[in-house]
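Peer 1: Provide a 3D model corresponding to the input given below.
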Amino acid sequence: MKKASGMLVIVTENVPPRLRGRLGVWLIEVRAGVYIGNPSRRLREFIWEQVEQGLEDGNAVMAWNTNTESGYDFKTLGKNRREPVEFDGLKLVSFYPPEPGENAL
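Peer 2: This next block holds a predicted model:
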């Protein structure tokens with residue numbers, strides 16, 4: 001039996017129903033827009049390609065465990081106030097200021 005690469009989490013917001021259905025083929029939707037699974041690296045990369053192609057006006061983040069100082073890595077797509085930044089080899093999250101009329105949370 002082939003060993004999987006480790007835990008994967010994808011969180012989506014405002015994505016089309018067809019993308020949610022596609023993600024449900026490979027992962028389990030434990031809450032609305034929150035998918036988890038244990039796919040191989042190759043399948044993880046394929047799943048992210050599906051997210052890139054089907055995102056439209058939504059946004060998504062994918063996080064997985066890996067052999068880094070923090071023990072994980074992540075990617076984001078779409079408009080969101082949170083932006084990944086590298087700092088001394090660690091990936092952290094920076095926040096853009098809210099747009100006028102937008103809630104600061």
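
Peer 1: where along the chain do the strands fall?
Peer 2: 8-13, 28-31, 34-37, 59-65, 72-77, 82-87, 90-95 (DSSP state E).

Peer 1: How about residues contacting the second one?
Peer 2: The list of residues contacting strand 28-31 from outside it, by CB atoms under 8 Å, 6 or more residues apart in numbering, reads 20, 23, 35-37. The way it works is simple: take the backbone N, C-alpha and C, and place the C-beta from them, glycine included.

Peer 1: Pull up the pairing partners for it, direction included.
Peer 2: Its sheet considered, strand 28-31 pairs with strand 34-37 (antiparallel) by DSSP bridges.

Peer 1: What of the fourth one?
Peer 2: Paired with strand 59-65 in the same sheet, following DSSP bridges, are strand 8-13 (antiparallel), strand 72-77 (antiparallel).

Peer 1: mind listing what V11 touches?
Peer 2: 33-35, 60-61.

Peer 1: Closest one of those residues to S70?
Peer 2: Checking these against S70 with CB to CB, the nearest one is V61 at 15.0 Å.

Peer 1: picking up where we left off before, where among the strands paired with strand 59-65 is average confidence lowest?
Peer 2: Mean pLDDT is lowest for strand 72-77 among the strands paired with strand 59-65, at a mean of 89.

Peer 1: in it, what's buried?
Peer 2: Neighbour counts over strand 72-77 (16 or more other CB atoms under 10 Å) mark 74, 76-77 as buried.

Peer 1: Please apply the same query to stretch 48-63.
Peer 2: For stretch 48-63, by 16+ other CB under 10 Å, it's 48, 51, 54-55, 58-63.

Peer 1: and if you look at stretch 26-38?
Peer 2: Neighbour counts over stretch 26-38 (16+ other CB under 10 Å) mark 26-27, 33, 35, 37-38 as buried.

Peer 1: biggest separation within the residues you listed, which pair?
Peer 2: Maximum pairwise distance among those (CB to CB): 19.1 Å, between G33 and N38.

Peer 1: returning to that earlier point: ok, so of the buried residues of stretch 48-63, who is nearest P100?
Peer 2: Using CB to CB, those come closest to P100 at N59, 19.8 Å.
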